[in-house]
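Q: structure, please.
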Amino acid sequence: MPTSMPCPSMRIPIELLTQASFFQFGTVIENPAHSQAPPSLQSPRPEAVSANQGTALKFLDVTHMTNLYGLAPSKKPARAVMNMFVCAPRDLRPHEPSESMPSSWGDIDFDEDDDGDGDRQLFDVKILERHPFTSQTFIPMGLSQTDRHTQYLVIVAPTLPASASQRRTGRAPPYPTPGVKKQKSIKDIFARARPSPFTNEATPPPSIFTKLHPSQRPKGPGLPDLKNLRAFVATGNQAVTYGAGTWHAPMAVIGDRPIDFVVVQFANDVRIEDCQEIEIIPDKNADEGMVVSVDTYPSGRVLVKAGSDPLKSKL
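A: So this is what the prediction gives:
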């Protein structure tokens, strides 16, 4: 049974999935030529080289695969694994007016009807999970970029500081217990002095994690920051990598049919180190909890209601 966390009533608008908007959470993998983002918001193209006797263009390092299992308490080595998830469309409930508090997009009017002929539905976020020591890449199969009747949502949240997490639940965050620290030797103690007696450096060397992409760095033991929950809609030509430790909802398919995802990650088969879950439960004063507002046009296109002005458009 996962740890639970109380939450207020809050409705989250949908954003277009771009590398610029998803930067802190991970990587969006797509052919730059097919990007839906306007040129001003597109990230620099990855390095490309000619391949296959000149018949292909090879983009290099399109995502960040991270293995942080060396930090795990068990110290059990991890291996690269590739699984397949066949994800059925989620049940959505009809739109109804709500007294939800504003999300980080406080200027969105969720009760304003953008198109009377479209569908206005709601997706309840009931659980979030994270993989603290590995990235996780979801690659959709058989979903066309032009398919407007089946898409998937990418729902993520930043990580709270550990101290704030404990105050919000009255118990320690759901994270592996750190190992007992060894008593430091005299040499270790003196090595922290500045300047160091063992080197000519006046400051300690930078952490190896500072060289990593922000989404690759360890997130710490904190709970999800629900007030800054974000929801994105992806097209069929986009794959997504969640950075190690990124809180996210299980994959949410919306539309007419299932989507097959190939999922690439590392794992060491220690359950709490491979995956941690937290149940999102409305608090006693909340009527519905965390909800993503899913508005679509008759064609099935999802209405993007949040983001920079150029992105407030239909897919």
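Q: in the stretch 201-315 of the chain, which spans are helices?
A: 271-274 (DSSP state H, counting those that start in this stretch).
Q: in it, which spans are strands?
A: 230-234, 239-242, 247-248, 252-255, 259-267, 276-282, 290-296 (DSSP state E, counting those that start in this stretch).
Q: the stretch 51-200 of the chain now?
A: 56-59, 79-87, 93-94, 119-124, 127-130, 136-141, 150-157.
Q: of those strands, which stretch is the most buried?
A: Of all those, strand 150-157 has the most neighbours on average by mean count of other CB atoms under 10 Å, namely a mean of 23. No exception for glycine: its C-beta is placed from N, CA and C like everyone else's.
Q: counting by contacts, list what it packs against.
A: On a contact count with 3 or more CB pairs under 8 Å, 6 or more residues apart in numbering; DSSP states H and E, strand 150-157 meets strand 230-234, strand 247-248, strand 252-255, strand 290-296.
Q: dump the ones you listed into CSV; add distance to Met65 as well.
A: Conversion of these to CSV gives the following (distance: least, CB to CB, whole Å):
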stretch, distance to Met65
strand 230-234, 19
strand 247-248, 17
strand 252-255, 23
strand 290-296, 28
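Q: in JSON lines: those strands, plus mean pLDDT.
A: Listed next are these as JSON lines, based on pLDDT from 0 to 100:
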{"stretch": "strand 230-234", "mean pLDDT": "94"}
{"stretch": "strand 247-248", "mean pLDDT": "97"}
{"stretch": "strand 252-255", "mean pLDDT": "91"}
{"stretch": "strand 290-296", "mean pLDDT": "91"}
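Q: make JSON lines out of those and add mean neighbour count.
A: Below are the helices and strands packed on strand 150-157 laid out as JSON lines (neighbours: other CB atoms under 10 Å):
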{"stretch": "strand 230-234", "mean neighbour count": "25"}
{"stretch": "strand 247-248", "mean neighbour count": "24"}
{"stretch": "strand 252-255", "mean neighbour count": "21"}
{"stretch": "strand 290-296", "mean neighbour count": "25"}
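Q: quick one: closest of these to Glu273.
A: Closest of those to Glu273 is strand 247-248, at 16.0 Å (criterion: CB to CB).
Q: all set now, cheers.
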